[in-house]
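Student: For reference, the sequence and a predicted model appear below.
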Amino acid sequence: MQLDVDFVRGQFPAFSEPSLAKQCFFENAGGSYPCAPVVDRLTRFYRERKVQPYFPYDASRVAGEEMDEARQRMAAILGVATDEVSFGPSSTQNTYVLSQAFRQFLKPGDAVIVTNQDHEANSGPWRRLADSGIEIREWKIHPDTGHLDPDDLDALLDDSVRLVVFPHCSNVVGEINDVAKITAKAHAAGAYVCVDGVSYAPHGFPNVGKLGADIYLFSAYKTYGPHQGIMVIRRALGERLPNQGHYFNGDVLYKRFTPAGPDHAQVAASAGMADYLETLYSRHFQDHRDATGRGEAVHDLMRDHEIRILQPLLDYFASKNSVRLLGPKDARKRAPTVAVALEGSGEDAAAALAPHGINAGGGDFYAVRPLEAMGVDLSKGVLRLSFVHYTTQAEIDHLIVALDHIL
């Protein structure tokens, strides 16, 4: 079964917006278009329910019910318990709060393993634990390919390692790391696992319960939703870490790591992501599965489409001697986030593509550590072309023609 892309695009207001006509959006790694159910729910909340939630009068009661609905439905899709899902202002902020909990939880001499493949949001906060006497060990990528080899982790793991932090995939390398395999290694050594899923989740919500990660973070504004960070914290770890919220909320798991009050409207609107997934499932499948199974089916549908249209772009770049493609050349091994180092700057290349109707970006994308490790000139950065399942083969073809004009 193939994804009905025309149907998909009909679920996104951006594709009927005149000001965006004839524009091919290739900066999805920075934030996707929101789907219609999210826009509708957010608009309705601001029109009808923009009050303090959870009080007994109707507008307040319904506001709270919609916020609860978002948590319940997203947890079901992710394969975890409802109270294991927390909302926060961003994944960067959520990671910072978690790092402060670990600062209290760990003791001097304990070790945390980080990588140099991560976006800085999932690297810097953990590295700062060294200020409290925590040993920081770096799991290094291969400088030529950006590959994060699970076998290299073995030499870093010992009884003092309490946490292993790594990305599901990098926002510039694109290679999909084997979360289940890495998590099993870490757990066997007695360590917890924190996975940055920001660059992976836009390509299909993962079954976090099956992956086994203790913490999994992603950004709703990159998964067709509002500007919220979503994090899964499994109960066995969440109840051990020190409470970071108000002391009187310490017995509520999803409030323990959100010290600021949630954005009520955006939390409620996040249920629109579940609406969208259900719409795609109903369009493409006739059988009956639970919410987690429906999420897995739509995940695979999205990935199959992305793999099919990504491979020609990877082949194009692999044929160019003047271009260095970062990450795997096989579309099955990566997300459709494609960074290339050019003879000139990435920003200049993005600017040259804009008149051709190609919306892309250039720079370091806060991935300074992996780019440095791979020897990329940071003054030039990279051109990044990223897409998701609503991208069409025709847009890929148009992109390649535009690239031929500027390279």
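Tutor: On my side now, so go ahead.

Student: The residue sitting nearest the centre point of the chain and Tyr281, how far apart?
Tutor: In the chain, the centroid-proximal residue (C-alpha atoms, centre = their mean) is Val198; its distance is 1.6 Å. According to C-beta to C-beta, to the nearest Å, Val198 stands 24 Å off from Tyr281. Any C-beta I mention is one placed from the backbone N, CA and C, and that applies to glycine too.

Student: do the same with Ala349
Tutor: Distance, Ala349 to Tyr281, using C-beta to C-beta: 38 Å.

Student: of these two, who's got more company?
Tutor: Between Ala349 and Tyr281, counting by other C-beta atoms under 10 Å, Ala349 is the more crowded of the two (26 against 19).

Student: what helix or strand does the more buried one sit in?
Tutor: Assigned by DSSP states H and E, Ala349 falls within helix 346-353.

Student: on contacts alone, who are the packing partners of the lengthiest helix in the chain?
Tutor: Using DSSP state H, we find that the single longest helix of the chain is helix 291-318. If you count contacts as 3 or more C-beta pairs under 8 Å, 6 or more residues apart in numbering; DSSP states H and E, helix 291-318 packs onto helix 58-78, helix 271-284, strand 324-325, strand 337-341, helix 393-406.

Student: same thing but at 6 Å, please
Tutor: With contacts taken as 3 or more C-beta pairs under 6 Å, 6 or more residues apart in numbering; DSSP states H and E, helix 291-318 sits against helix 58-78, helix 271-284, helix 393-406.

Student: what about those helices, which gets the closest to Arg324?
Tutor: Checking those against Arg324 by C-beta to C-beta gives helix 393-406 as the closest, at 14.3 Å.

Student: Does that closest one pack against any helices or strands, and if so which?
Tutor: Judged by 3+ C-beta pairs under 6 Å, 6+ apart, helix 393-406 is in contact with helix 291-318.

Student: pLDDT of the helix it packs on, averaged?
Tutor: Per-residue pLDDT over helix 291-318 has a mean of 98.

Student: now that helix against strand 337-341, angle please.
Tutor: Orientation check (axes from the mean of the first three to the mean of the last three C-alpha atoms, to 10 degrees): helix 291-318 against strand 337-341 gives 20 degrees.

Student: ok, longest strand in the protein?
Tutor: Secondary structure of the chain per DSSP state E: the longest strand is strand 161-167.

Student: and the helix or strand following it, what does it pack onto?
Tutor: Counting by DSSP H and E, the element after strand 161-167 in chain order, helix or strand, is helix 179-188. With contacts defined as 3+ C-beta pairs under 6 Å, 6+ apart, helix 179-188 has these neighbours: helix 150-153, strand 192-196.

Student: Quick one, grab the pLDDT at the residue of the chain positioned farthest from its centre.
Tutor: In the chain, counting by C-alpha atoms, centre = their mean, Tyr57 sits farthest out from the average C-alpha position, at 36.7 Å. On pLDDT, Tyr57 comes in at 98.

Student: ditto for Ala130
Tutor: pLDDT at Ala130 comes out at 98.

Student: Kindly report the same for Asn243.
Tutor: Confidence at Asn243, expressed as pLDDT, is 97.

Student: Could you do Gly261 as well?
Tutor: pLDDT for Gly261: 79.

Student: What is the burial count for it?
Tutor: By other C-beta under 10 Å, 10 other residues sit near Gly261.

Student: Please apply the same query to Arg303.
Tutor: Residues near Arg303, counting by other C-beta under 10 Å, number 20.

Student: give me every residue that touches it.
Tutor: Contact analysis of Arg303 by C-beta atoms under 6 Å, 6 or more residues apart in numbering lists Gly204.

Student: With Pro34 instead?
Tutor: Contacts of Pro34 by C-beta under 6 Å, 6+ apart are Tyr224.

Student: Can you tell me the SS state at it?
Tutor: coil (DSSP: H, G, I helix; E, B strand; the rest coil).

Student: Let me see the confidence value for it.
Tutor: 98.

Student: how near is it to Leu326?
Tutor: Separation of Pro34 from Leu326 (C-beta to C-beta): 28 Å.

Student: before we move on, what about Phe26?
Tutor: Applying C-beta to C-beta, the value for Phe26 to Leu326 is 16 Å.

Student: Please report how far Asp214 lies from Phe15.
Tutor: Distance, Asp214 to Phe15, by C-beta to C-beta: 38 Å.
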